[in-house]
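S.K.: starting from these lines, generate the structure:
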Amino acid sequence: MVKRQGFTLVELVVVVMILGILAAVAVPKLLGTSGTATDNGLRQTVSVVRDSIERYAAENNGNFPGTDEATFKTALEPYLRGSFPTCPVGNKNNSVDVTNSAVTPLGVNAGATTGWRYSYTTGEFIVNSSDTDNSDTPVAYNTY
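M.R.: Residues are numbered from 1 along each chain as shown. A predicted model of the protein is given here:
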């Protein structure tokens, strides 16, 4: 009698099932990493722009920069490295909705076309999106 070597079909099916289960557990963790990176990058970007606004105000007797988008961006140029940042969420552009009142996010669903909102009377700068981040306890992007 000749003894054959190799795996049976049942053994191969079991191994494939185990690999499938491992992949089902691992893939969401890997995909969540991208969302976390976006969230952390957005937090850093908002922080840099807010710091730039504060530095401008400190050097200009407490006056905040710009009363429209063009003058706002021009005023902050010396305080930013490179061009004005693009918002990675919502409308994903570097346009700024400049207002003279307290800022609240308009959000994409409300017809907003800008990535950012800024108030030249209060110095507030926020993400113009009411979407939530990718954390375990979701936080609205506009509260960053």
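
S.K.: pLDDT weak spots in the protein?
M.R.: Across the chain, the stretches falling below the confidence threshold (pLDDT under 70) are 1, 32, 103-111, 136-137.

S.K.: the longest helix in it is where?
M.R.: helix 9-59 (DSSP state H).

S.K.: buried residues in the next helix-or-strand element following that one?
M.R.: On the C-terminal side of helix 9-59, the nearest following helix or strand under DSSP states H and E is helix 69-76. If you call a residue buried by 16 or more other Cβ atoms under 10 Å, then helix 69-76 has these buried ones: 69, 72, 73, 75, 76. Placement of C-beta: from N, CA and C, glycine included.

S.K.: skipping adjacent residues, who's closest to the first one in space?
M.R.: In other words, residue 69. residue 96 (4.9 Å; Cβ to Cβ, 6 or more residues apart in numbering).

S.K.: how far does stretch 27-38 sit from its chain's centre?
M.R.: Computed by Cα atoms, centre = their mean, to the nearest Å, the separation of stretch 27-38 from the middle of its chain amounts to 13 Å.

S.K.: before we move on, what about stretch 86-95?
M.R.: With Cα atoms, centre = their mean as the basis, the mean position of stretch 86-95 lies at 9 Å from the chain mean.

S.K.: with stretch 62-73 instead?
M.R.: The gap between where stretch 62-73 is centred and where its chain is centred comes out at 23 Å by Cα atoms, centre = their mean.

S.K.: quick one: residues in contact with it.
M.R.: Residues outside stretch 62-73 that contact it (Cβ atoms under 8 Å, 6 or more residues apart in numbering) are 53, 56-57, 74-76, 84, 95-98, 100, 118, 120-123.
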